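1. Mind looking at a prediction? Sequence and model below.
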Amino acid sequence: GDSVTQMEGPVTLSEEAFLTINCTYTATGYPSLFWYVQYPGEGLQLLLKATKADDKGSNKGFEATYRKETTSFHLEKGSVQVSDSAVYFCALKDDSWGKLQFGAGTQVVVTP
Amino acid sequence: DAGVIQSPRHEVTEMGQEVTLRCKPISGHDYLFWYRQTMMRGLELLIYFNNNVPIDDSGMPEDRFSAKMPNASFSTLKIQPSEPRDSAVYFCASSSGTRHEQFFGPGTRLTVL
């Protein structure tokens, strides 16, 4: 079945550092891919998405490119801020169903 | 749009009591999802509905859990009887069949003493 694997956290960074969170997936079809962010005490919010191979999703300085050849969707940000401290979830959706498959989540802690 | 609405935001109850969590999805969305989030198990999908019909309830942990969606604007997740291990944050989410992303509510933090 479909699955998502993302790097374990916590990832601790200093402000203005470069952030990468690795995400790889397995799927039988051609899924859409997502990154969600969960700030402390809140629900998940969609950060960005990509619906086909080579698409790049971007939002709030974050980017991720749908790489079909490596089945990856790594999240990057060039200069993180303390306000980026959160848990980040990679997810995929098989076009056939409404169900999202989430990764385990990666906690990111940004220190001043 | 008000987004997905969940109530209550916090619930504290004693073991053995019935608990009912409520969700109002975004108007026009035809999918509704219930999730449970714990430190140990992360984010788990419990059940989801399409057009008010339960499609997959394989994530419901046991018979003490039940979910209903009597109409397109309301769903409940009930736990009877509740146990301390049910303590978690329960999220409701909704999506439209024509879009891909799910929109999450703020969650209900349940504590069973």
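-> Thanks, I have the structure now.

2. which bits of chain B sit near chain A?
-> B:4, B:31, B:33, B:42-43, B:45, B:48, B:50, B:55-56, B:91, B:93, B:95, B:97, B:100-107 (Cβ under 8 Å from any Cβ of the partner chain). C-beta coordinates here come from the backbone N, C-alpha and C atoms, glycine included.

3. Just the buried residues out of these, in ChimeraX syntax.
-> A single ChimeraX command is used to select the members of the residues of chain B next to chain A judged buried by 16 or more other Cβ atoms under 10 Å in any protein chain shown:
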select /B:4,31,33,43,45,48,50,56,91,93,95,100,101,102,103,104,105,106,107
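
4. In chain A, where is pLDDT below threshold?
-> Confidence mapping of chain A against pLDDT under 70 gives the ranges A:95-98.

5. what's near enough to touch residue 60?
-> Just going to use chain A. Residue A:60 is in contact with residue A:47, counting by Cβ atoms under 8 Å, 6 or more residues apart in numbering or on different chains.

6. not what I meant, chain B
-> B:46, B:47, B:66, B:67.

7. what separates it from residue A:1, distance-wise?
-> Separation of residue B:60 from residue A:1 (Cβ to Cβ, to the nearest Å) stands at 18 Å.

8. With secondary structure, pLDDT and neighbour count added, can I get the contacts of residue B:60 in TSV?
-> Putting the contacts of residue B:60 into TSV (DSSP: H, G, I helix; E, B strand; the rest coil; pLDDT from 0 to 100; neighbours: other Cβ atoms under 10 Å in any protein chain shown) gives the following:
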residue	secondary structure	pLDDT	neighbour count
B:46	strand	95	19
B:47	strand	95	22
B:66	strand	97	15
B:67	strand	98	20
